[in-house]
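Visitor: what follows is a predicted protein model with its sequence.
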Amino acid sequence: MVELKGRVERITSHNEETSYTVAKMKFYGYDDLITVLGNFLSINPGEELKLHGNWRTHPKYGKQFKVDSYESITC
């Protein structure tokens, strides 16, 4: 299990019924935006999150982070 911290840049897709979300995040220590996938009740661009999950590689979309759990980071 990997832990990453970062900021939500945009929500690509969100299913209201299942909470399944695809988002782009900027992680500390990474130059590019990373696609994250998982069930998020409510996240918004600009929000800081700590994510727990694992890396995976999608044949079409490339490197992604599959989230098992998350928490909001308060400053």
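Guide: Thanks, I have it.

Visitor: pull the distance from the lengthiest strand in the chain to the chain's centre.
Guide: The residue-count maximum for a strand in the chain (DSSP state E) belongs to strand 2-14. Between the mean C-alpha point of strand 2-14 and the mean C-alpha point of its chain there is a distance of 3 Å (Cα atoms, centre = their mean, to the nearest Å).

Visitor: what helices or strands is the helix or strand harbouring residue 55 leaning on?
Guide: Element membership of residue 55, judged by DSSP states H and E, is strand 48-58. Contacting strand 48-58 under the criterion 3 or more Cβ pairs under 8 Å, 6 or more residues apart in numbering; DSSP states H and E are the following elements: strand 2-14, strand 34-39, strand 62-72. (C-beta placed from N, C-alpha, C; glycine too.)

Visitor: let's have those in CSV, adding mean neighbour count and mean pLDDT.
Guide: Compiled in CSV, the helices and strands packed on strand 48-58 are given as follows (neighbours: other Cβ atoms under 10 Å; pLDDT from 0 to 100):
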stretch, mean neighbour count, mean pLDDT
strand 2-14, 14, 96
strand 34-39, 19, 97
strand 62-72, 14, 96
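
Visitor: about what we covered before: just checking: what are the partner strands of the strand holding residue 55?
Guide: strand 2-14 (antiparallel), strand 62-72 (antiparallel) (DSSP bridges).

Visitor: returning to what we had before: wait, which of the helices and strands packed on strand 48-58 is closest to residue 53?
Guide: Each of the helices and strands packed on strand 48-58 was checked against residue 53 via Cβ to Cβ, and the shortest separation belongs to strand 62-72, namely 4.3 Å.

Visitor: how about the closest one as PDB, C-alpha atoms only?
Guide: Taking only C-alpha atoms (Å, rounded to 0.1, in the frame of the first residue of the first chain), the coordinates of strand 62-72 have been written out as PDB:
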ATOM      1  CA  GLY A  62      -1.200   4.700 -18.800                       C
ATOM      2  CA  LYS A  63      -0.100   5.100 -15.200                       C
ATOM      3  CA  GLN A  64      -2.900   5.600 -12.600                       C
ATOM      4  CA  PHE A  65      -3.300   5.500  -8.900                       C
ATOM      5  CA  LYS A  66      -6.200   3.300  -7.600                       C
ATOM      6  CA  VAL A  67      -7.400   4.700  -4.200                       C
ATOM      7  CA  ASP A  68      -8.500   2.400  -1.400                       C
ATOM      8  CA  SER A  69      -9.000   5.100   1.200                       C
ATOM      9  CA  TYR A  70      -8.400   8.800   1.600                       C
ATOM     10  CA  GLU A  71      -8.700  11.700   4.000                       C
ATOM     11  CA  SER A  72      -8.800  15.400   3.600                       C
END
